[in-house]
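1. structure, please.
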Amino acid sequence: MKVAIIPARGGSKRIPRKNIRLFAGKPIIAHSIGAAIDSGCFDRVIVSTDDPEIASVAREWGAETPFLRPSSIADDHAGTGVVMKHALKWLVDQGTPAGLACCLYATAPFVQASTLQLGLARLIESDCSYSFTVTSFPFPVQRAVRIMGDGTVDAIWPENIARRSQDLEHAFHDAGQFYWGKAAAFLNDVVLFSCASAAIVLPRHMVQDIDTLEDWHRAELMFRILQEEKESRVS
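-> Residues are numbered from 1 along each chain as shown. Model prediction:
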C-alpha cells in the first residue's frame with residue numbers, strides 16, 4: 001500500500017490556524033490534499049492532526065482522518081519523523097501496513113500531482129530510501145555573511161569572497177513540499193539528508209517556504225502570477 005500522510009497540527013503560532021487559513025480561495029491544506037488525490041499515487045490520503053477543526057476541513061476536501069494525533073507529538077518540538085512513525089505504526093496496528101509512504105506538507109500550495117508522480121518514480125528507480133524535492137540557492141552560499149552584535153558584517157567563509165560565483169559549487173536546499181520514502185526507512189529512522197535520498201530538482205519559482213506572514217504574502221503573489229500564466233497559455 002502507498003499512503004500520503006499530511007502532518008497538520010493545530011497550534012501554529014507565527015501564523016495562527018495556518019493549516020486551514022484560506023489560500024487562493026480555499027484552505028491551504030486543500031491544495032496538498034488535491035495534489036495527492038490527483039496524482040493517483042496513493043491508496044490512502046491521511047491527515048495527521050490533533051485538531052478536530054482541521055480534521056473536519058481535511059475530510060471536506062477528500063482526505064481521511066482516522067485518528068487524532070496525541071498531544072505529546074503535536075507541539076513545537078514534534079518533528080516530521082516522529083509524526084510519520086506514529087501514523088505508520090497506527091497503520092500496522094490496524095493490519096494495513098504501508099510499503100511506501102509520502103510525507104506531504106499541509107502548507108505546500110505549489111506542489112504538483114506530476115511532481116508527486118516523479119518522486120514516486122525516482123524512489124523506485126533509484127532504490128533509495130527516500131526521494132524529495134530540492135531547489136537551488138539563488139546566490140552562492142559560500143559567500144554568505146553574518147551580521148555581528150555591533151551591526152558590522154563578517155564573512156562566514158572569507159576564503160570564498162574573492163572567488164567567482166561560477167567557480168563555486170552549486171548548493172541546493174529542501175523545497176519543503178514532500179518526502180517519499182520506504183515505510184521501513186521512516187520507521188527505522190534512516191537519515192533523510194544523506195546519500196539514502198534521491199533529489200527532484202524544482203525551479204525556484206515553484207518553491208516558497210511558508211513560516212511567516214511575509215512568506216504567506218509572497219507565496220500568494222507567486223501563486224497568482226503562476227495561475228495567470230497558466231490561464232494565458234490556455235486562452
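2. restrict the longest helix anywhere in the chain to CA atoms and write it as CSV.
-> Looking only at the chain and at elements set by DSSP state H, the helix with the highest residue count is helix 213-234. Presented in CSV, the C-alpha positions along helix 213-234 are these (Å, rounded to 0.1, in the frame of the first residue of the first chain):
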residue,chain,number,x,y,z
LEU,A,213,3.0,36.3,7.3
GLU,A,214,5.6,37.8,4.9
ASP,A,215,6.2,34.3,3.4
TRP,A,216,2.5,33.8,3.1
HIS,A,217,2.1,37.1,1.2
ARG,A,218,5.0,36.3,-1.1
ALA,A,219,3.5,32.9,-1.8
GLU,A,220,0.1,34.3,-2.7
LEU,A,221,1.7,36.7,-5.2
MET,A,222,3.8,33.9,-6.7
PHE,A,223,0.7,31.7,-6.9
ARG,A,224,-1.4,34.4,-8.6
ILE,A,225,1.3,35.0,-11.2
LEU,A,226,1.6,31.3,-12.0
GLN,A,227,-2.2,30.9,-12.3
GLU,A,228,-2.4,33.9,-14.6
GLU,A,229,0.4,32.5,-16.7
LYS,A,230,-1.3,29.1,-16.9
GLU,A,231,-4.6,30.7,-17.9
SER,A,232,-2.9,32.8,-20.6
ARG,A,233,-1.5,29.6,-22.2
VAL,A,234,-4.9,28.0,-22.3
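3. buried set for that helix?
-> The neighbour-count check on helix 213-234 (16 or more other Cβ atoms under 10 Å) flags W216, A219, M222, F223 as buried. Glycine gets a C-beta too; all of them are placed from N, C-alpha and C.
4. what's the answer for stretch 29-47, then?
-> Burial within stretch 29-47, assessed by neighbour count using 16+ other Cβ under 10 Å, is assigned to 29-37, 39, 41-42, 44-47.
5. got the contact list for that stretch?
-> Contacts to stretch 29-47, defined as Cβ atoms under 8 Å, 6 or more residues apart in numbering, come from residues 1-6, 8, 19-20, 23-24, 54-55, 57-58, 61-66, 87, 102, 104-109, 111-114, 116-117, 120.
6. show me which of those are buried.
-> Restricting the contacts of stretch 29-47 to buried positions leaves 3-6, 8, 19-20, 23, 54-55, 57-58, 61, 63, 65, 87, 102, 104-109, 111-112, 116, 120, with burial counted as 16+ other Cβ under 10 Å.
7. give me the subset of the residues you listed that lies in strands.
-> Filtering the buried ones among the contacts of stretch 29-47 for membership in strands, criterion DSSP state E, returns V3, A4, I5, I6, F23, C102, L104.
8. in the protein, which residue is closest to the centre?
-> Taking Cα atoms, centre = their mean as the criterion, Q177 is the residue nearest the geometric centre of the chain, at 2.5 Å.
9. name the SS class of that residue, please.
-> Using DSSP: H, G, I helix; E, B strand; the rest coil, the secondary structure recorded for Q177 is strand.
10. how much space between the closest residue in space to R224 that isn't next to it in sequence and S12?
-> Using Cβ to Cβ, 6 or more residues apart in numbering and skipping residues adjacent in sequence, the residue nearest R224 is A24, 7.4 Å away. Separation of A24 from S12 (Cβ to Cβ, to the nearest Å) stands at 19 Å.
11. can you check P97 too?
-> When distance is defined by Cβ to Cβ, P97 is 31 Å away from S12.
12. between the two, which one's more packed in?
-> When P97 and S12 are compared for neighbours, S12 comes out ahead with 18 against 15, by other Cβ atoms under 10 Å.
13. that one should be in a strand, yeah?
-> No - using three-state DSSP, the assignment for S12 is coil, not a strand.
14. quick check: phi and psi on it?
-> Dihedral angles of S12 (phi, psi; degrees, to the nearest 10) stand at phi -60, psi 130.
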